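Engineer: Here's my sequence, what's the structure:
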Amino acid sequence: MDAVLKRVEADLKAQKVAAKDIKLYIKPQDGACYYVADGKVAGRVDLF
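Structural biologist: Now for the predicted structure:
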């Protein structure tokens, strides 16, 4: 879980977003973690 959170934080940093609240949605069948940061920014990172 820590590795996935680090990927999400890196993705947010690349978008120049400093988020205080990050919600993660793990979807193993997609091999992805979807996230919403501060209720405004949404994205996706690979699990593996």
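Engineer: For the residue in the chain sticking out farthest from the centre, grab phi and psi.
Structural biologist: Ranked by distance from the centre of the chain (C-alpha atoms, centre = their mean), the top residue is residue 29, with 16.6 Å. Main-chain dihedrals, residue 29, degrees, to the nearest 10: phi -60, psi -20.
Engineer: Show me what secondary structure element comes after the helix or strand harbouring residue 7.
Structural biologist: Using DSSP states H and E, residue 7 sits in helix 2-14. Next helix or strand after helix 2-14 toward the C-terminus (DSSP H and E): strand 22-27.
Engineer: can you give me the angle the next helix or strand after that following strand makes with strand 22-27?
Structural biologist: Toward the C-terminal end, the helix or strand that comes next after strand 22-27 (DSSP H and E) is strand 32-37. Interaxial angle of strand 32-37 relative to strand 22-27 (axes from the mean of the first three to the mean of the last three C-alpha atoms, to 10 degrees): 160 degrees.
Engineer: any low-confidence regions in the chain?
Structural biologist: Along the chain, no part satisfies pLDDT under 70.
Engineer: tell me, what residue is most central in it?
Structural biologist: What sits nearest the mean C-alpha location of the chain, by C-alpha atoms, centre = their mean, is residue 8, with 3.4 Å.
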